[in-house]
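In: 3D model of this:
(chains A and B)
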Amino acid sequence: MRTTNNRINAKFGICRYLIGLCIAMFSFSSCDKDLEVTTNSAMENYDMLWKVVDENYCFFEYKKDSIKDWDEVYREYLPMVKACKTKTDLFYIFSDVLNELKDGHVNLISSFDVSRYDIQGDYPDNYDSKIIRKDHYLGKDYKTAGGLRYKLLEDKVGYISYTSFSNSFTDDNLDYVLKLFRNTDGIIIDLRNNGGGYASLVDVFASRFARSKTLVGYWQHKTGKGHADLSEPEPQYLEPSEKISYFGKVALLTNRNCFSATNDFVQTMKALPKVKQFGDRTGGGAGMPMSSELPIGWSFRLSVSPYLDINKKYTEFGIDPDVHVDMLDADAVNGYDTIIESARKWIKYGTLITTL
Amino acid sequence: MRNTVLYIFSLLLLLATANAKAGVRSVSDVDDTVSVSSPTYNYSLTNRAVTLSLGAWRSYDSYLSPLLYKGAGFKLMDERLKMMTKNFDKVSRYSETNLSIASLLNPAETSNMMYFDFQGVTGAHYHLRPVKNMNLLLGSLLDVELGARYNTVNQNNPVSMIFDANLWVSAMCYYHIRLKSRTFTLRDHFSMPFVGVMFSPNYMQTYYEIFSLGNYDGVFPVTSFGSRWQWRNKLSIDMPIKPCTFRVGLLAERSVTEVNKLETRTMNVSAMFGLVYNFNTFKGTQKIPADYRNPVE
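Out: Residues are numbered from 1 along each chain as shown, chains lettered A, B, ... in the order given. Next up, the predicted model:
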């Protein structure tokens, strides 16, 4: 009896092993199959990607001297697409195609990776969070109002660190911050490494520094599928806030990672008097993006709606500071931020010191 | 050519409705005459149908995606039909409210689109009775539609809003089949809009620019057959099975819009189930009277 049971158990064991093996083989073959891509599928996706960008990207005319011709891009990458055998390879080919646009708002998004254009490049970081945490800056006794971290510095200068426009704040938050800073000589708004977020917060924040209705830029959108099909620039005005406002000196600190909504905020604020920008050029991103997608299941974003400054110039490649300042190692070693110190000197003494 | 024919057809229907309304105004003057040739009624019943349609949906919106989404959804519909006056059997009032919800997927099934739509419809029909047991209704409807397509993957353009108002041509046919002691009613209702206005962003215009910056230019274009091609057909049979009358049928609808260089397409084919009943609202307590007019007879 025991022998029979053992035989049965052995048979079940073999069966289980075979079933397991089949499942494993099937799983692996499924994985392989999922990763494969046929030439037809690759071409279908490539054609759609190229066409959607061709018809909708808003900076072709503006960037015609700084990026490759879009037809030429198609021809250049076509052999690679035709030779491509796997989805992952296709993803990185498409990423390279999109990066030809040199636009941080253009991303390809799959379940395994997100492509992005490097807006920082070889430019200096110009930001060190460890220095910001020193006691003579934010320290440990700073306050937080929504996404804003703020502190009244010793020399009657208000300091606000805002690292992402995705971290929202309310009018109530701003009231508390500006109430604390009402008797200061000026405010430093540190926007370094702020990669953008909600564009709707730009006017909410900037309106607290406007005395009167001010022209802050122009807005456009695509009107058709041609590269030059853009609407007439529509003027945009900043209305002053009816809540607590601040009309003293405001220093904006920027670096190359200030992008998108932050770029828009800097552009808006610079239309106001008593506002100066310190640090490095912003990273740009002056086109509101929209999403689209490909049959393979990946989505992508591209800029479709550009905004311009008050001189009707695109700020897609960034906004130059009024005072160019790079962080100096000598200051950093002593725990000081060269850019903050430069802004402080302007607020306190009106002196403009550049590291150039 | 197609558009011209449809325009003429719509115009004729509108004129017919207008004539019918003129007829309604004169009913009181000729009420005695009417009462001589046809029976008089003290009550006018409302024919009400509440149905649920379940079926396959397809939706395409070039503002959200270049791909066609497919999925399933339902439409909950409340229809009411009532003669405008008790003793004039030519013009009826029609009203409808419906709610549609559908869940759709892109071809690779990596993105989901939710479709929501609420529609209110009102209008009038002129009744023709060409043969015995048949009631043919021709008229015009006005609808207001509010809804949205919501794409769960899109970041800066996740929503495409549906907001429009249209004038429709409408044709409805009731045919009563009497089997033993029961009356089954075959019904077909076809309608299509011929002029309207709808909300649409301009080509690649963001909602931020429209609603936050206030650039509304061109976002309410007038639509007609060239820019809005839409139809809806409801084929059903009403079956009196005690204690209710059940409605089963097929709903098919298709909508194509091409405005501001943006295109939307929606298609829905659904099986329809529901209840039909006639009612009248009385004040106080009283017995159900026999002298009522049924609008579908």
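
In: output the contacting helices and strands for the helix or strand hosting A:Glu341.
Out: Under the criterion of DSSP states H and E, A:Glu341 resides in helix A:338-349. Under the contact criterion of 3 or more C-beta pairs under 8 Å, 6 or more residues apart in numbering or on different chains; DSSP states H and E, helix A:338-349 touches strand A:157-161, strand A:186-190, strand A:249-254, strand A:275-279, helix A:329-333. Just so you know, the C-beta spots here come from the backbone N, C-alpha and C atoms, and that holds for glycine as well.

In: tilt between it and strand A:249-254?
Out: 170 degrees (axes from the mean of the first three to the mean of the last three C-alpha atoms, to 10 degrees).

In: could you export helix A:338-349 as PDB, CA atoms only?
Out: What follows is helix A:338-349, C-alpha atoms only, in PDB (Å, rounded to 0.1, in the frame of the first residue of the first chain):
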ATOM      1  CA  THR A 338      27.500  83.000  -3.200                       C
ATOM      2  CA  ILE A 339      24.200  83.600  -5.000                       C
ATOM      3  CA  ILE A 340      22.300  84.300  -1.800                       C
ATOM      4  CA  GLU A 341      25.000  86.600  -0.600                       C
ATOM      5  CA  SER A 342      25.000  88.500  -3.800                       C
ATOM      6  CA  ALA A 343      21.200  89.000  -3.600                       C
ATOM      7  CA  ARG A 344      21.500  90.000   0.000                       C
ATOM      8  CA  LYS A 345      24.100  92.700  -0.900                       C
ATOM      9  CA  TRP A 346      21.800  94.100  -3.500                       C
ATOM     10  CA  ILE A 347      18.800  94.200  -1.100                       C
ATOM     11  CA  LYS A 348      20.900  95.800   1.800                       C
ATOM     12  CA  TYR A 349      23.200  98.100  -0.100                       C
END
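
In: interface residues of the stretch 1-150 of chain B facing chain A?
Out: B:64-67, B:106-111 (C-beta under 8 Å from any C-beta of the partner chain).

In: can you tell if stretch A:283-297 touches chain B?
Out: Yes. Judged by C-beta under 8 Å from any C-beta, stretch A:283-297 comes into contact with chain B through A:288-293, A:295-297.

In: let me redo that: stretch A:83-90
Out: No. With C-beta under 8 Å from any C-beta as the criterion, chain B is not reached by stretch A:83-90; the gap is at least 10.8 Å.

In: residues contacting that stretch, please?
Out: Residues from elsewhere that reach stretch A:83-90 (C-beta atoms under 8 Å, 6 or more residues apart in numbering or on different chains): A:34-37, A:39, A:42, A:45, A:81, A:93, A:110, A:112, A:296.

In: mean pLDDT, distance to B:Tyr94 and mean neighbour count added to the helices and strands packed on helix A:338-349, as TSV?
Out: Formatted as TSV, the helices and strands packed on helix A:338-349 follow (pLDDT from 0 to 100; distance: least, C-beta to C-beta, whole Å; neighbours: other C-beta atoms under 10 Å in any protein chain shown):
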stretch	mean pLDDT	distance to B:Tyr94	mean neighbour count
strand A:157-161	95	61	23
strand A:186-190	95	61	25
strand A:249-254	96	62	26
strand A:275-279	95	62	25
helix A:329-333	90	77	11
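
In: in stretch A:57-68, which residues are buried?
Out: Neighbour-count burial for stretch A:57-68, counted by 16 or more other C-beta atoms under 10 Å in any protein chain shown, picks out A:57-60, A:62-63, A:67.

In: I should have written stretch A:105-114 there, sorry.
Out: Residues A:105-110 are the ones in stretch A:105-114 that count as buried (16+ other C-beta under 10 Å).

In: keep only those residues that also lie close to chain B.
Out: Contacts with chain B within these, as defined by C-beta under 8 Å from any C-beta: A:Ile109.

In: so which of the buried residues of stretch A:105-114 comes closest to B:Ser255?
Out: Closest approach between the buried residues of stretch A:105-114 and B:Ser255, by C-beta to C-beta: A:Ile109, at 30.0 Å.

In: residues in contact with the closest one?
Out: Taking C-beta under 8 Å, 6+ apart, we find A:Ile109 in contact with A:115, A:298-301, B:153.

In: again, but for B:Gln205
Out: Neighbour list for B:Gln205: A:221-222, A:231, A:305, B:215, B:219, B:260 [criterion: C-beta under 8 Å, 6+ apart].

In: tell me which of those has the lowest pLDDT.
Out: Minimum pLDDT for these is recorded at B:Asn215 (89).

In: so what's the residue count around that residue?
Out: 21 (other C-beta atoms under 10 Å in any protein chain shown).

In: contact partners for it?
Out: Residues near B:Asn215 by C-beta under 8 Å, 6+ apart: A:219, A:234, B:205, B:209.

In: looks like B:Met114 contacts B:Ser100 (just checking).
Out: No. With contact defined as C-beta atoms under 8 Å, B:Met114 does not reach B:Ser100; the gap is 11.0 Å.

In: A:Val106 against A:Tyr117, yeah?
Out: Yes. Contact criterion C-beta under 8 Å: A:Val106 and A:Tyr117 qualify, at 6.2 Å.

In: now do the shared contacts for those two.
Out: Common neighbours of A:Val106 and A:Tyr117 (C-beta under 8 Å, 6+ apart) are A:98-99.

In: point me to the residue of the stretch 1-150 of chain B nearest chain A.
Out: B:Ala108 (3.0 Å; C-beta to the nearest C-beta).

In: what's the neighbour count on that residue?
Out: Residues near B:Ala108, counting by other C-beta under 10 Å, number 13.

In: look up phi and psi at it.
Out: Per-residue torsions, B:Ala108: phi -90, psi 0 (degrees, to the nearest 10).

In: now the residue of chain A found nearest chain B. Nearest residue, chain neighbours left out?
Out: Using C-beta to the nearest C-beta, the single residue of chain A nearest to chain B is A:Gly297, 3.0 Å away. Nearest residue to A:Gly297, sequence neighbours excluded (C-beta to C-beta, 6 or more residues apart in numbering or on different chains): B:Ala108, at 3.0 Å.

In: picking up where we left off before, which single one of the contacts of A:Ile109 is nearest to A:Gly335?
Out: For the contacts of A:Ile109, the closest approach to A:Gly335 (C-beta to C-beta) belongs to A:Ser115, at 37.6 Å.

In: quick one: contacts for that closest one?
Out: Contacts for A:Ser115 (C-beta under 8 Å, 6+ apart) come out as A:91-92, A:94-95, A:98-99, A:107-109.

In: the residues you listed in helices, which ones?
Out: A:91-92, A:94-95, A:98-99 (DSSP state H).

In: by neighbours, which of those residues wins?
Out: Highest neighbour count within the ones in helices among the contacts of A:Ser115, by other C-beta under 10 Å: A:Phe94, with 25 neighbours.

In: so if I had to pick from B:Met114 and B:Ser100, which one is more boxed in?
Out: Taking neighbours as other C-beta under 10 Å, B:Met114 and B:Ser100 compare with B:Ser100 leading, 22 against 18.
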